[in-house]
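A.B. asks: for reference, the sequence and a predicted model appear below.
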Amino acid sequence: MASLKEIRSRIKSVSSTRKITSAMKMVSGAKLKKAQRAIENSIPYVSKLCSIVDNFIISLDDDQLPALSREREIKKVAIIVVSSNNSLCGAFNSNALKAFVSTYKSYRDEKKQIVVYPIGKKITESVQRLGIKKKKSGIDIAKLDYDDVYAFGGQLINDFLEKRIDKVHFIHNHFKSSASQVIIHKTLLPFFPKQTEICESVDKNVDYIIEPNKTELINELLPKLIKLELFSGLQDSIAAEHAARAIAMQIATDNADKLTQDLKLSYNKMRQASITNEIITIIGGAEAIK
C-alpha cells in the first residue's frame, strides 16, 4: 500500500500534468479558430471557381475533355497522405495511417506501381517503418505555404501530363465539426466534376460568354483549381488536427481531475486511519499505566 508521502507526490504530479493539458487545450482551441477562419476565407473563391470549371467540363464531349480530365489505364498511382507533425491528438494520426495502409494494399493487390508522398512527420515516420519508399513533397504542414503547395501541385500535374503517373489519390482528415473528424479520399487527377463538397451546384442553364474560347479557358483554370483543391485539403487537415488535439486534451484534463479526486479521497482515508490508530495506541498506553 502506498504511503501518505507517495500519494501526496502523485497528487502533485497529476496536478502539474493537468495544468499542461489544460493549457494545450486552450492553445489548440485558439489555433482551431484561426484555421477555421482561413478555410472560411478561401471557400467562396474555391467554390465559385469549381462551379465554373465543372460547368465547362460537363458541357464538353468526351473527345473535347482537357488532358487533366481524361481517364486512362492506371499503371502508376501517386498517394498523398497527410498527418500532423506532433502527437497528443487522439486517433488523428492513426486514422490517417490506417486509411493509407488500406489504400496502399488495395493498389498493390491490383499490381499497380505506387509512389507515396507523406506530408507530416508522423506519417513520414510510419511509412519509413513500414519499409515503403517515399518521395518528398516539399511541404511543411506546420508552416503551410501556398507557394510550396503550388510547386508540388505543378509537379503532380506535369507528371500526369507526361504519363509518369496515371492517378493521384489524396488522403487527409476532414474537419467535420469540433467534435468529429473523418477521413477523406479524393482523386485529384484525373479531375472529375463535382468531386468536392464545397463546390457550388452546377447550373447547366448558365451560358457564359467566353474569350478566346472554352478550351483555352479550361486549360488555364483547371490546373489552378487542382492546386487549390490540394491546398484546401491541407488546410482542412490542419483544422481537424487542432480540433482532435483540443478534444484529446479536454479528455486528459477531465481524467486528471477525476484521478486527483480519487487520490485525495484515498489520502484522506489513509490519514484518518493513521490518526485513529494513533488515538487507539495512546488510549491503550494510558489504560496500561492504570
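C.D. replies: Ah, there it is.
A.B. asks: any chance you could map the strands in the stretch 1-150 of the chain?
C.D. replies: Taking DSSP state E, counting those that start in this stretch as the criterion, the stretch 1-150 of the chain contains strands spanning 76-82, 113-119.
A.B. asks: count the neighbours of Tyr107 for me.
C.D. replies: Here the neighbour count serves as a burial measure; for Tyr107 (other Cβ atoms under 10 Å) it reads 17. In this view, the C-beta of every residue, glycine as well, is placed from N, C-alpha and C.
A.B. asks: surely it and Ile114 touch.
C.D. replies: Yes. Judged on Cβ atoms under 8 Å, Tyr107 makes contact with Ile114 at a distance of 5.4 Å.
A.B. asks: tell me, what's touching the two both at once?
C.D. replies: For the pair Tyr107 and Ile114, residues contacting each of them under the criterion Cβ atoms under 8 Å, 6 or more residues apart in numbering are Val77, Ile79.
A.B. asks: the lengthiest helix in the chain: how far from the chain's middle?
C.D. replies: The helix that spans the most residues within the chain, counting by DSSP state H, is helix 214-289. Centroid separation between helix 214-289 and its chain, computed with Cα atoms, centre = their mean, to the nearest Å, is 19 Å.
A.B. asks: just name the most buried of the strands of the stretch 1-150 of the chain.
C.D. replies: When neighbours are counted by mean count of other Cβ atoms under 10 Å, the highest per-stretch mean among the strands of the stretch 1-150 of the chain falls to strand 76-82, a mean of 23.
A.B. asks: does Phe160 count as helix, strand or coil?
C.D. replies: Here Phe160 is helix, with the state taken from DSSP: H, G, I helix; E, B strand; the rest coil.
A.B. asks: show me the contacts for the residue lying closest to it once chain neighbours are set aside.
C.D. replies: Ranked by Cβ to Cβ, 6 or more residues apart in numbering and with sequence neighbours excluded, the top spatial neighbour of Phe160 is Leu189, at 4.7 Å. Taking Cβ under 8 Å, 6+ apart, we find Leu189 in contact with Leu68, Leu156, Ile157, Phe160, Ile165, Lys167, Val168, Ile226.
A.B. asks: quick one, which of those are buried?
C.D. replies: Applying a neighbour-count criterion of 16 or more other Cβ atoms under 10 Å, the buried members of the contacts of Leu189 are Leu68, Leu156, Ile157, Phe160, Ile165, Lys167, Val168, Ile226.
A.B. asks: residues in contact with the spatially closest residue to Lys214 that is not a sequence neighbour?
C.D. replies: For Lys214, ignoring the flanking residues on the chain, the nearest one in space by Cβ to Cβ, 6+ apart is Phe56 at 5.7 Å. With Cβ under 8 Å, 6+ apart as the criterion, the residues that contact Phe56 are Tyr208, Lys214, Leu217, Ile218, Leu221.
A.B. asks: separation between the spatially closest residue to Ala91 that is not a sequence neighbour and Gly120?
C.D. replies: Residue nearest to Ala91 in three dimensions, not counting chain neighbours: Ala244, with 7.5 Å by Cβ to Cβ, 6+ apart. Summarising the geometry, the distance separating Ala244 from Gly120, computed by Cβ to Cβ, to the nearest Å, is 13 Å.
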